[in-house]
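Colleague: Sequence and computational prediction follow.
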Number of protein chains: 2
Amino acid sequence: MSPPDPTRDADTRHRLLAAAGEEFSRVGFRAANVRDICAAAEANVAAVNYHFGSKEALYRQVWEHASRDMVAAEPMPTLAAHADPAEALTDFMRWFMRLVLIEGTGHTCAGSMLAQEAAEPTGALSVFVEHGAAPIRKELRRIVSAILGRGANRRVVDDLTNAVIALCVNPKHSSEILTRLGFPPPTTAAAINRMAERLADFALHGLIGLSPDAPTEEP
Amino acid sequence: MSPPDPTRDADTRHRLLAAAGEEFSRVGFRAANVRDICAAAEANVAAVNYHFGSKEALYRQVWEHASRDMVAAEPMPTLAAHADPAEALTDFMRWFMRLVLIEGTGHTCAGSMLAQEAAEPTGALSVFVEHGAAPIRKELRRIVSAILGRGANRRVVDDLTNAVIALCVNPKHSSEILTRLGFPPPTTAAAINRMAERLADFALHGLIGLSPDAPTEEP
DNA sequence: AATCGATTCAAACATTCGTTTGACTTGCCG
DNA sequence: CGGCAAGTCAAACGAATGTTTGAATCGATT
């Protein structure tokens, strides 16, 4: 009657999580429907409620898995681990863009689900921002701040940190639009790295140019 | 039986369009429901189908109004109209960010609806990209290309044009996330302009630094 | 073999939501 | 006045969808 021990590896549980991850990331929580998920998982309609309690509880579980996989996949590059802040930025952006753009073989799908949450947030968004996004942004802010130097205004550092994030996530968030414009976002690790390096160069020159220590070059 | 002449100004038609614009931009096409829209417009449930034929036809009408208002509000800054490409970029970004971020008093809402379409596209997206977004991007590409100079690779120009777009639209597309991180996007024209100028400075230095004509400053 | 808990399944239930219907009101024209 | 077209309305219809139910199946334990 009550749901089974969640640590148990019921086979259909896994198939449901995988199928749900794909469906939720494709169309979002609301538009995804339980019957399709169950069909994709080759499970009965009642399976979702039996194993998870409700569609919403399933969604929370998928998020939990996705964000766990997300951070476990590869460690985040830090400022401290690099001699040169510029190199840290490039490394960080490569890592971040892979995180956002690559769809894990089975079901990482955190990037797509986040894009869905951005349009129609559920309770899961606040949780994820607090536990997943905030630490990532914090480290990037350190890198940006190091590149800008001491004299930079706090507000400016924040805006530029957000600007770098924008460069990294936009290919994903706007992929439907960019594809229709003729610029489908890269999907392989190699292509993503190449794009990340181009954008990192761009960001780097932008940041150095804005650094209060940098020489102003007005004629 | 058949819908009335669409040019006629039936009063409830307007109220429906306004209410629908708010609802669609808030939650997207699918999640918006006809009963709520009619209640907000103080109209009967049957009014949508009487005046527009269907929920989807109403949506198309709202898009048409929104994109018309969008371009009519203010002319797009062009490269040709500026002596200095750098100034053109700043002007363009100010204009573009106001376009995306400002919610028109009554119901412009094109920016929000576009963000919704990005997550769960309908047929309206392709139409809008072709007629609304492509011309805007084309002009921005001219400006970016002028700043980069002759020698720039075509692929690089495209990526950087998209990067500038990312800087402008991300505060809107990611507003739910940024707000939870403590950085709610600006909403007044003055604040938007300020942010646009900061981002334009950033983009400008980034572009100039990447220009093949610019001196490389490696030690 | 008998039993018991866990799991699966088809069917049904309850609600939401887009749409349709048919009656009623209103304003206009002969 | 009488009739007609346009618009409004409450009610109901029908499909989609999350959830529940109760029986059937399976596997391990005794």
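Modeller: All right, it came through fine.
Colleague: ok, so what distance separates the residue lying closest to residue A:40 once chain neighbours are set aside from DNA strand C?
Modeller: Leaving aside its sequence neighbours, residue A:40 sits nearest to residue A:19 (CB to CB, 6 or more residues apart in numbering or on different chains; 3.9 Å). (Each C-beta comes from the backbone N, C-alpha and C, glycine too.) Separation of residue A:19 from DNA strand C (CB to the nearest atom of the strand, to the nearest Å): 13 Å.
Colleague: for residue A:67, same thing?
Modeller: 25 Å.
Colleague: So is the helix or strand hosting that residue next to chain B?
Modeller: If you go by DSSP states H and E, residue A:67 is part of helix A:55-73. No - Helix A:55-73 does not reach chain B (CB under 8 Å from any CB of the partner chain); its nearest approach is 13.8 Å.
Colleague: mind exporting the helix or strand that comes right after that helix as CSV, just the C-alpha atoms?
Modeller: Where DSSP H and E defines the elements, the next helix or strand beyond helix A:55-73 is helix A:85-101. This file holds the C-alpha atoms of helix A:85-101, laid out as CSV (Å, rounded to 0.1, in the frame of the first residue of the first chain):
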residue,chain,number,x,y,z
PRO,A,85,42.5,33.9,-13.9
ALA,A,86,42.1,34.2,-17.7
GLU,A,87,42.8,30.5,-18.0
ALA,A,88,40.3,29.8,-15.2
LEU,A,89,37.6,31.7,-17.1
THR,A,90,38.2,29.7,-20.2
ASP,A,91,38.2,26.5,-18.4
PHE,A,92,35.1,27.4,-16.4
MET,A,93,33.2,28.4,-19.5
ARG,A,94,34.1,25.2,-21.3
TRP,A,95,32.9,23.2,-18.4
PHE,A,96,29.8,25.2,-17.9
MET,A,97,28.7,25.0,-21.5
ARG,A,98,29.3,21.3,-21.6
LEU,A,99,27.1,21.0,-18.5
VAL,A,100,24.3,23.0,-20.0
LEU,A,101,24.4,21.7,-23.6
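Colleague: quick one: helix A:85-101 near chain B?
Modeller: No - Helix A:85-101 stays clear of chain B (CB under 8 Å from any CB), getting no nearer than 10.8 Å.
Colleague: which residues touch the helix or strand following that helix?
Modeller: Heading C-terminal from helix A:85-101, the first helix or strand you meet, by DSSP H and E, is helix A:110-119. With contact meaning CB atoms under 8 Å, 6 or more residues apart in numbering or on different chains, helix A:110-119 is reached by A:21, A:24-29, A:62-63, A:66-67, A:69-70, A:99-103, A:124-125, A:128, A:132, A:172-173, B:28, B:115-116, B:118-120, B:173-177.
Colleague: State the mean pLDDT of stretch A:32-49.
Modeller: Average pLDDT, stretch A:32-49: 96.
Colleague: Between helix A:110-119 and the worst-scoring helix or strand of chain A on mean pLDDT, find me the angle.
Modeller: The helix or strand of chain A with the lowest confidence, counting by mean pLDDT, DSSP states H and E, is helix A:55-73 at a mean of 90. Using axes from the mean of the first three to the mean of the last three CA atoms, to 10 degrees, the direction of helix A:55-73 lies 130 degrees away from that of helix A:110-119.
Colleague: Buried ones in helix A:55-73, by neighbour count?
Modeller: Neighbour-count burial for helix A:55-73 flags A:55, A:58, A:59, A:60, A:61, A:62, A:63, A:65, A:66, A:67, A:69, A:70 (criterion: 16 or more other CB atoms under 10 Å in any protein chain shown).
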